[in-house]
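# Provided below are the primary sequence and the corresponding predicted coordinates.
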Amino acid sequence: MSGHSLPSITSLRVFEACGRLESCTRAAEELAMTAGAVSKQLKALETTLGLQLFVRSSQGLLPTPAGSSYLGSAQAILTQLEAASTRAHAAASHRRALTLHVLPTLADKWLLPRYAEFAQAHPDIDVQFTNLLAGDGTQTPADASFRFGHGIWPGHDALYLTGRELRLVASPALLEREGALKSARDVLRFSLLQHFELPNAWREFFSQQGLRPKALPPSVRYGFYSVLIRGALTGMGLALVPSVLVAEELRSGALVQPLSLGCVGRSGYYLVWPRERRTDPVLKAFRDWVAQLAQP
């Protein structure tokens, strides 16, 4: 594509909103534009690219294969432009910028409810939270990342935060339906909810309870703790979840911890940063704060 055929930022923003919301009407509302203006921008973008990006159906706008591929790239471009604009404004105003990759469930349950403390203590630092991966599967640049694992990432330093302490949780409705637990062995009567990144968590649980079952009950596997917790809330089975992610549900009674059972896992949540950035004063300020936040 030649330079004069590049799409406008407005058309990219319209395209991204339409793809995300699957509706021209909702995109127009979000962008404070008329539906006609949104349609005009979409048509102009399709003309520029020489591609059909959407088909209309009873369910709303559906991206074509080309549109689906282009949507991920457009989202990545807009994210990078926003980050670049933030850095430029920060430089002009002598404010300091920090870009962090976050894990949505950890951010929602642990980090963001406390973040106001950092913002108040460091009003001169602009923090941007992004996903680890952009919409097209590429990694977007960041100064540090929140990650889940064993604590070893080549070329990086890591600070353990939380997450190794796993609680066995269940919905009260599940226990009412299937019967209460009288011992750890009773766990074998239930379906078990499992995280893809912790394939041995239930084996570790039984081992720490002094049990060696030959086979485990049927399990349902999830890629995200947020979805796994939702499965536990709806009574799909018992779950082993980092205690930090279910504190609110346990306080409210939406989930219970039968017999106070749980175990200590090998993986947890870490703040991770490139080794060459370890002395960066902005990163150090955030690292010191989050380390204090992680203290028991």
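Received it, and whenever you're ready, just let me know what you need.
# buried residues in the helix or strand that contains Thr48?
According to DSSP states H and E, Thr48 maps onto helix 35-49. Residues of helix 35-49 classed as buried: 38-39, 41-42, 45-46, 49 (neighbour count, 16 or more other CB atoms under 10 Å). To be clear about C-beta, it is placed using only N, CA and C from the backbone, and glycine gets the same treatment.
# quick one, helices of the stretch 101-250 of the chain?
104-106, 112-121, 172-178, 201-208, 225-233, 247-252 (DSSP state H, counting those that start in this stretch).
# now distance to Cys263, mean pLDDT and mean neighbour count too, for those, in a markdown table please.
Shown next, in a markdown table, are the helices of the stretch 101-250 of the chain (distance: least, CB to CB, whole Å; pLDDT from 0 to 100; neighbours: other CB atoms under 10 Å):
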| stretch | distance to Cys263 | mean pLDDT | mean neighbour count |
| --- | --- | --- | --- |
| helix 104-106 | 20 | 90 | 19 |
| helix 112-121 | 26 | 92 | 12 |
| helix 172-178 | 19 | 96 | 14 |
| helix 201-208 | 4 | 95 | 18 |
| helix 225-233 | 16 | 93 | 19 |
| helix 247-252 | 16 | 95 | 12 |
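# possible to save those helices as a markdown table with distance to Ser5?
Shown next, in a markdown table, are the helices of the stretch 101-250 of the chain (distance: least, CB to CB, whole Å):
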| stretch | distance to Ser5 |
| --- | --- |
| helix 104-106 | 36 |
| helix 112-121 | 41 |
| helix 172-178 | 58 |
| helix 201-208 | 52 |
| helix 225-233 | 41 |
| helix 247-252 | 51 |
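# quick one: which of those helices is nearest Ser260?
helix 247-252 (10.8 Å; CB to CB).
# for that closest one, packing partners?
Where contact means 3 or more CB pairs under 8 Å, 6 or more residues apart in numbering; DSSP states H and E, helix 247-252 is packed against strand 165-169.
# partners of the strand it packs on, with directions?
strand 238-242 (antiparallel), strand 262-264 (antiparallel) (DSSP bridges).
# let me know which of the ones you listed is tucked in deepest.
Stretch with highest mean neighbour count among those: strand 238-242 (a mean of 26; mean count of other CB atoms under 10 Å).
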